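# my questions are about this predicted structure, shown below with the sequence.
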Amino acid sequence: MSLFPVYRPRRTRRTPALRGLVRETRLSVEQLILPFFVVPGQGVRKPVGSMPGVFQTSVDELVKDAREAYELGIPAVLLFGIPESKDATGSLSWHEHGVVQEGVRAIKQALPDLLVITDVCMCEYTSHGHCGVLHGEQVDNDETLELLARQALSHARAGADIIAPSDMMDGRVAAIRQTLDDEGFAGVPILSYAAKYASAFYGPFREAAESAPQFGDRRGYQMDAANSDEALREVLLDIDEGADIIMVKPALAYLDVIYRVKQETGYPVCAYHVSGEYSMVLAAGQLGWLDVDRAMTESLLAIRRAGADMIITYWAREFARQSR
Ligand code: PBG
């Protein structure tokens, strides 16, 4: 039996105001998190070739960018650090005066209400570019946990509002939670990269963060693109270990995972709209093959529709400007 012509879906599409009234999913700047890449030095602002609009900046320039983001209504930024030098254990990652630690302090001093999230991982700090300590060519899980906890603690001491471990070691949420609690940071939430896939879409990021592995790949610790039941197990484990917000990453190629995680846990879900997802749209735009602004809004909306409460995206500023 057909309802036509009694029900005509086109009736509520006739004007922008009507479309607005029946719109199911809202996308607002309050839901966006903007990543930044911090390098040593002063007055540094170096464009990342594969990510138009994205820069590596020194702390002084970082504060300017953070202020701009804050003034646009973006509630949170995510910091990645590129250290002065790298070694086998990534020892600059937990240095009191490391780039991220100094970046956190400077932003919190200038803009106390802007949330500062720090990415906790070893790959930007290790000479081999892997996300943990190596034994031969294998990343040693349990030895890495202690270093991650140390790094997380140094971020919390610098004033980080949220700690975001992205390394994919087993047990790292528990290790970080324990250390933070023991050291007086029980109130600092953990945003866990719970379902992080070994993805080709991180390509441009590795230029931005100078974190490409020097041999092999990350399949020994990041997830296989074929699995979504396993994503649920990863997420439930992290919740069990004390994660407050869970992340699915990348976003667009994993909308089903975002949907399942939101439906099955009811936890706050963050999606990382990653570098490749950003750059491929810009590249197509440069060729004149699509309308960048519309493709980006559509992408972010799709991620929200799948169930993400918040989205990490390099496009946060542009979206904020566009929606003013
Ligand atoms: C690891 C990390 C990566 C990203 C965020 N944290 C790269 C990786 O796992 O290789 C990727 C983010 C992006 O592509 O935008 N520290």
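Yep, it's here.

# which strands and helices sit next to whichever strand or helix holds Glu102?
Element membership for Glu102, per DSSP states H and E: helix 99-110. Using 3 or more Cβ pairs under 8 Å, 6 or more residues apart in numbering; DSSP states H and E as the contact criterion, the elements in contact with helix 99-110 are strand 32-38, helix 59-71, strand 76-81, strand 115-120, helix 141-158. C-betas here are computed from N, CA, C, even on glycine.

# what's in contact with that helix?
Helix 99-110 has contacts (Cβ atoms under 8 Å, 6 or more residues apart in numbering) with 36, 38-40, 59-60, 62-63, 66-67, 77, 79-84, 95, 114, 116, 118, 154-155, 157-160.

# show me which of those residues are buried.
Neighbour-count burial (16 or more other Cβ atoms under 10 Å) applied to the contacts of helix 99-110 gives 36, 38-40, 59, 62-63, 66, 77, 79-83, 95, 114, 116, 118, 154-155, 157-160.

# can you list the residues of the stretch 1-150 of the chain near the ligand?
Asp119, Cys121, Cys123 (Cβ under 6 Å from any ligand atom).

# thinking again about what came up before, by how many degrees do the helix holding Glu102 and strand 76-81 diverge?
Going by axes from the mean of the first three to the mean of the last three Cα atoms, to 10 degrees, helix 99-110 is angled at 150 degrees with respect to strand 76-81.

# how far away from the center of its chain is helix 99-110?
Relative to its chain's centre, helix 99-110 lies at 18 Å (Cα atoms, centre = their mean, to the nearest Å).

# buried set for that helix?
Val99, Val100, Gln101, Glu102, Gly103, Val104, Arg105, Ala106, Ile107, Lys108.

# now stretch 255-273
Result for stretch 255-273 [16+ other Cβ under 10 Å]: buried residues 255, 257-262, 265, 267-273.

# which single one of those is nearest to Ala320?
For these, the minimum distance to Ala320 (Cβ to Cβ) is 14.6 Å, reached by His273.
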